[in-house]
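Student: Curious how this folds, go ahead:
(one chain, ligands or ions: 1)
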Amino acid sequence: MSRFVSAALVGAALLVSGNAFAANYNAAAGKPTYDASCAMCHKAGMMGAPKTGDKAAWAPHIAKGMDKMTANSITGYKGAKGQMPPKGGNAKLTAQQVANAVAYMVSLSK
Ligand code: HEC
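Tutor: I've put the predicted structure just below:
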């Protein structure tokens with residue numbers, strides 16, 4: 001089981017690092033996902049999350065590029081300020097939904 005899970009995670013990471021979403025970021029489609037699964041931390045900047053709309057807080061993340069931020073959001077991410085669970089804790093989200101939610105948040109924060 002755990003071997004299966006880690007293989008799936010590696011697969012997701014490879015998919016993302018292969019620019020799978022480069023042409024497919026849809027910020028408008030990401031709003032409902034953001035509202036339901038991301039805003040709880042990112043709206044107010046809870047638990048060290050970069051606050052939506054805070055350009056200074058987002059700049060170092062945005063500098064990594066969309067694909068890297070999306071990959072980190074799918075697999076989970078630990079930075080200097082805090083930790084984000086995989087897919088923000090909503091395992092039901094597809095990679096594309098996470099990608100769109102990242103695009104939505106970034107569109108409000110740069
Ligand atoms: C439980 C709180 C929490 C939830 C829910 C959450 N995040 Fe995060 N997120 C964080 C924290 C904390 C960080 C940054 C940690 C740091 O910089 O040290 C972060 C960082 C990020 C980053 C920057 C990643 C990078 O590579 O720099 C992106 C993009 C992101 N979140 C997207 C999302 C998306 C999309 C969702 C919803 C699907 C979401 N987050 C839900 C807490 C959360």
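
Student: CA only for contacts and neighbour counts going forward, please
Tutor: Noted.

Student: Quick one: residues contacting the residue nearest the centre of the chain.
Tutor: Nearest to the mean C-alpha position of the chain, by CA atoms, centre = their mean, lies Ser73 at 3.2 Å. Ser73 sits next to Met84, Pro85, Pro86, Lys87, Gly88, Val98 when contact means CA atoms under 8 Å, 6 or more residues apart in numbering.

Student: any idea which element it lies in?
Tutor: Ser73 belongs to helix 66-75 when assigned by DSSP states H and E.

Student: Outside of the helix or strand hosting Trp58 itself, list whatever touches it.
Tutor: Assigned by DSSP H and E, Trp58 belongs to helix 55-62. Helix 55-62 has contacts (CA under 8 Å, 6+ apart) with Pro50, Lys51, Thr52, Met69, Val106, Ser109, Lys110.

Student: Among those, name the ones in strands.
Tutor: Per DSSP state E, strands hold no members of those.

Student: could you dump those residues to TSV with neighbour count, distance to the ligand and pLDDT?
Tutor: Putting these into TSV (neighbours: other CA atoms under 10 Å; distance: CA to the nearest ligand atom, whole Å; pLDDT from 0 to 100) gives the following:
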residue	neighbour count	distance to the ligand	pLDDT
Pro50	24	6	98
Lys51	19	9	98
Thr52	22	10	98
Met69	18	4	97
Val106	20	8	97
Ser109	18	11	97
Lys110	14	12	93
